[in-house]
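Student: coords please:
(chains A and B)
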Amino acid sequence: MTASAPTLPRPRSRRLARRALPYLLSLPALLVCIGILVPFFTAVWYSLERYNLAMPMMRSFVGPAQYLDLLTDPDFWQTVKVSFIYAAATVGIELLLGLGIALLLREQSRLNNVVSVVLLLPLMTAPAIASLMWKLMTNPNFGVLSWLVSLLGVHDFRWASDPRTAMFTVVLVDVWVYTPFMMILLLAGLRSLPRQPFEAAALDGVPAHFVFFRITLPMLSPYIITATLFRLLDSIQQFDIVYAMTQGGPGDALMLFQVRAYLDFFQYTNVGTSAALMVILWAITYLLSNLFIKQWLKLRERTHHA
Amino acid sequence: MDGKTRDIARRLIRGEIGRREALKAFAALGVTLGAAEIALNAAATEALAADFDWKKHKGTKLKLLLNKHPYADAMIADLDNFKALTGMEVSYDIFPEDVYFDKVTAALSARSAEYDVFMTGAYQTWQYGPAGWLVDFNDYLKDPSRTAPTYGWEDILPNLRASTAWSGVPGAPLGGPGAHQWAIPWGFELNNITYNRVIFDKLKLSPPRNMNELLEVAAKITRDAGGPYGIGVRGSRSWATIHPGFLSAYSNYGQRDFRIEGGKLKAAMNTPESKQFHKLWVEMIQQSGPKNWATYTWYQVGTDLGAGASGMIYDADILGYFMNGGDNREHGHLAYAAFAANPAAKGPTSNVWIWSLAMSNFSRNKDAGWFFIQWASGTDHLLFGARKRDMVNPVRQSIWNDAEFQERIKNGYPGYLEQYQATAPDAKIYFTPQPLFFNLTTEWAATLQRMVAREVGVDEGLDQLAESVNRQLRQAGIG
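Tutor: Residues are numbered from 1 along each chain as shown, chains lettered A, B, ... in the order given. Okay, the predicted model is just below:
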């Protein structure tokens, strides 16, 4: 029998393959990253240009002038103000309601499971469709909600068509659509908490409010922060509900960031201003995310040390 | 279809016999109305093809971008005739108006060659034209190898031809020297009063003739009609709130949106006369408008009238036309009246909306696209639309003169022809063409909303508006 020597791979090519492997593995992520970064940097570039599609001759690089124009424009500060009010109001109310409902549905039972599924239905409605539904329900002439408030003695309530009640109306629609999102995340959190601390507290006869504030709430905090972060980022970028209900009006009462940027681009073909608004909105969401993630990390660290 | 039927149809198209005579001949041959119509369409197609090589682009595929509208419906219903005439293939995408112009802006700004021809309004061409997205039709119209001798450009109403042509110089007159023909008029809207005759008869009212009467009549309806409010006008935060009744009435007082000083535009919305007019308009809405006026687009204005929720509207005449038919509760109860807001004016000054056809500069089938536009805005198709479908208002004088069309309108739409005849002479676009049209006019609508909601007084609101408009004009280098 003749034994032939085994063919060994050349050491140089093996070394190369080993060195290239991490790059090859991260290539898909890199491609996705490029797909995100190219439009992002294009938008940043546009925001530094005076660029209106209807006036191509006027296109020029203006550096930070566009941002300075925005920062000295009272309409921009109105946008900042209403965007923050909208985000704070919707997230605050949704958090309280979502938490309340999650606490009510905490115990696993057939009824609670059915109710939690039913309560998810608004979340499955497209926000623009929900807005049209609410537009009909709040119609002062034939809307069912207008009729209901008239039974309470409130006549001539103009909902989204009055600047004094427009914010209330769109917040109401947002709460109807997105409270189930908060509820389902917090419910999942509540049901995954360890039972021992609650059983020990029950054995010791600890009052319910003490259990809630000292045990439930701290243990649920990571879930609360995550749900709030998701909703806050979504809410500060709100578009569909407000645009479908009022197009940002009456006046400038609901001229949120996205509504303004959308109008600037699609109706006014003002690419530069629209891009600058989007970059500012990106900066705000970036700061908010960082703030929340830091808070979340701190909480996690505290839990590990406890 | 036998030879005799075809022969009668051909003779009718050539004008050798009249309509009555042709109908009698068809009846004698036992030809049904439907078959006669097919024979007539085929004969019209043949007649068109006789003078011009319509088959030049046979086999070319065209793609259209359309807004959901009765004009588009009429065109689609007649599209087979275009295909038979030219041998071209035509496909289309059709979108509701809420998203239609976003789709157009997206396609054009991306320099997409997907669509060859699309529907547009004249105001939109003030953005699309200077951006270099549109074909200028002047060269096509003058070229006999590309335009059929029977096209009849001059038959299209002169104010509409002018209103769809602009040089691109901010403030320069529409249709003036150096104007590019960015679009071809297809159908248009005047602004008038459409009123519910049942409510008016019950309250013994006559249609208002000017702004003071409008306020009085609207207030009386709101007070005494037992439910319906007095006057429907648009109020959403959009340029579309300004262009119909509002600007028509505003122009009737001799007011303009801008004045030109040293070649630069300056806001003219805060003159004492303008403030006076705004006060009347705001008072009218507060007193007799819909409660949720600030969310009202043409759709709500129209459907309220059709449902009997309002006594009258001051909006597009064709909106009143459509509400007088179909499944609307008030169909058959509506009537029409011309309206000159200023009691001292010699007649109405209606600001027009013109649905037009335009061609993308990025189309790879421009000559073929022009064939389509010629056909769609030509006499035969528009006559078909006006007689058999709801293609009102036709843009051609010859169609307004057509006896069958006139008869149809007279029978179903009392006062419609009269309001048209009274309004048409001075109907045109009263806005000053400039590239910031949409932002500045939307801001005007937003200011109007604040005034109606009593957030700001009329004088103060208009001064603030003028200041903001002037600042934006300066920033854009045109003010």
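
Student: for chain B, what are the nearby residues on the stretch 201-306 of chain A?
Tutor: A:245-252, A:263-264, A:266-270 (CB under 8 Å from any CB of the partner chain). (C-beta placed from N, C-alpha, C; glycine too.)

Student: run the last query once more with 7 Å
Tutor: Residues of the stretch 201-306 of chain A lying close to chain B by CB under 7 Å from any CB of the partner chain are A:Thr246, A:Gln247, A:Gly248, A:Gly249, A:Pro250, A:Gly251, A:Asp252, A:Phe266, A:Gln267, A:Tyr268, A:Thr269.

Student: Please, where are all the helices along the stretch 351-479 of chain B?
Tutor: B:366-376, B:379-388, B:397-400, B:403-412, B:416-423, B:437-452, B:458-475 (DSSP state H, counting those that start in this stretch).

Student: Can you pull out the residues in contact with the second one?
Tutor: Okay, so that is helix B:379-388. B:44, B:48, B:74, B:78, B:152, B:155, B:375, B:391-392, B:394, B:396, B:398-399, B:402, B:404-405, B:408 (CB atoms under 7 Å, 6 or more residues apart in numbering or on different chains).

Student: B:Asn159 is in contact with B:Ala427, isn't it?
Tutor: Yes. Between B:Asn159 and B:Ala427 there is a contact under CB atoms under 7 Å: 6.2 Å.

Student: So if I had to pick from the two, which one is more boxed in?
Tutor: Remark: of B:Asn159 and B:Ala427, B:Ala427 carries more neighbours, 25 against 20, as counted by other CB atoms under 10 Å in any protein chain shown.

Student: Quick one: neighbours of the closest residue to the more buried one other than its chain neighbours, just the number.
Tutor: In this structure, B:Ala427 finds its nearest non-sequential neighbour in B:Ser350, 4.2 Å apart by CB to CB, 6 or more residues apart in numbering or on different chains. B:Ser350 is flanked by 33 other residues according to other CB under 10 Å.

Student: likewise A:Pro194?
Tutor: 8.

Student: mind checking the SS state of it?
Tutor: coil (DSSP: H, G, I helix; E, B strand; the rest coil).

Student: That one and chain B: what is the separation?
Tutor: Distance, A:Pro194 to chain B, using CB to the nearest CB, to the nearest Å: 50 Å.

Student: how about the residues of the stretch 101-250 of chain B that lie near chain A?
Tutor: For the stretch 101-250 of chain B, the contact set with chain A under CB under 7 Å from any CB comprises B:Asp102, B:Thr105, B:Ser109, B:Gln127, B:Pro130, B:Ala131, B:Gly132, B:Ser236, B:Arg237, B:Ser238.

Student: so the fifth one makes contact with B:Pro435?
Tutor: Yes. The pair B:Pro130 and B:Pro435 qualifies as a contact (CB under 7 Å) at a distance of 5.9 Å.

Student: what's the overlap in contacts for the two?
Tutor: In contact with both B:Pro130 and B:Pro435: A:Ala54, A:Met55, using CB under 7 Å, 6+ apart.

Student: follow-up on the earlier one: which single one of the residues of the stretch 101-250 of chain B next to chain A is nearest to chain A?
Tutor: Checking these against chain A with CB to the nearest CB, the nearest one is B:Arg237 at 3.1 Å.

Student: Tell me who's in contact with that closest one.
Tutor: Contacts of B:Arg237 (CB under 7 Å, 6+ apart): A:Thr246, A:Gln247, A:Gly248, A:Gly249, A:Pro250, B:Thr442, B:Ala445, B:Ala446, B:Gln449.

Student: which SSE is the closest residue in space to A:Gly249 that isn't next to it in sequence in?
Tutor: Nearest non-adjacent residue to A:Gly249, counting by CB to CB, 6+ apart: B:Arg237, 3.1 Å away. Per DSSP states H and E, B:Arg237 falls between elements, in no helix or strand.

Student: Which residue lies closest in space to B:Asp155, excluding its sequence neighbours?
Tutor: In space, B:Asp155 is closest to B:Arg396, 4.8 Å off (CB to CB, 6+ apart).

Student: surely B:Leu357 meets B:Trp186?
Tutor: Yes. With contact defined as CB under 7 Å, B:Leu357 counts as touching B:Trp186 (5.2 Å).

Student: So which helix or strand of chain B has the lowest pLDDT on average?
Tutor: helix B:33-51 (a mean of 68; mean pLDDT, DSSP states H and E).

Student: Following that helix in sequence, what is the next regular element?
Tutor: Counting by DSSP H and E, what follows helix B:33-51 is strand B:61-67.

Student: Following the chain onward from that following strand, which element is next?
Tutor: helix B:70-77.

Student: Next, the angle helix B:366-376 makes with that following helix.
Tutor: If you take axes from the mean of the first three to the mean of the last three CA atoms, to 10 degrees, helix B:70-77 sits at 110 degrees to helix B:366-376.

Student: how about the helix or strand that helix B:70-77 is followed by as CSV, C-alpha atoms only?
Tutor: Sequence order places helix B:79-86 as the next helix or strand after helix B:70-77, per DSSP H and E. What follows is helix B:79-86, C-alpha atoms only, in CSV (Å, rounded to 0.1, in the frame of the first residue of the first chain):
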residue,chain,number,x,y,z
LEU,B,79,-59.5,55.5,-24.5
ASP,B,80,-60.1,52.7,-26.9
ASN,B,81,-60.8,55.2,-29.6
PHE,B,82,-57.4,56.7,-29.1
LYS,B,83,-55.8,53.3,-29.2
ALA,B,84,-57.7,52.5,-32.5
LEU,B,85,-56.7,55.9,-34.0
THR,B,86,-53.0,55.7,-33.1
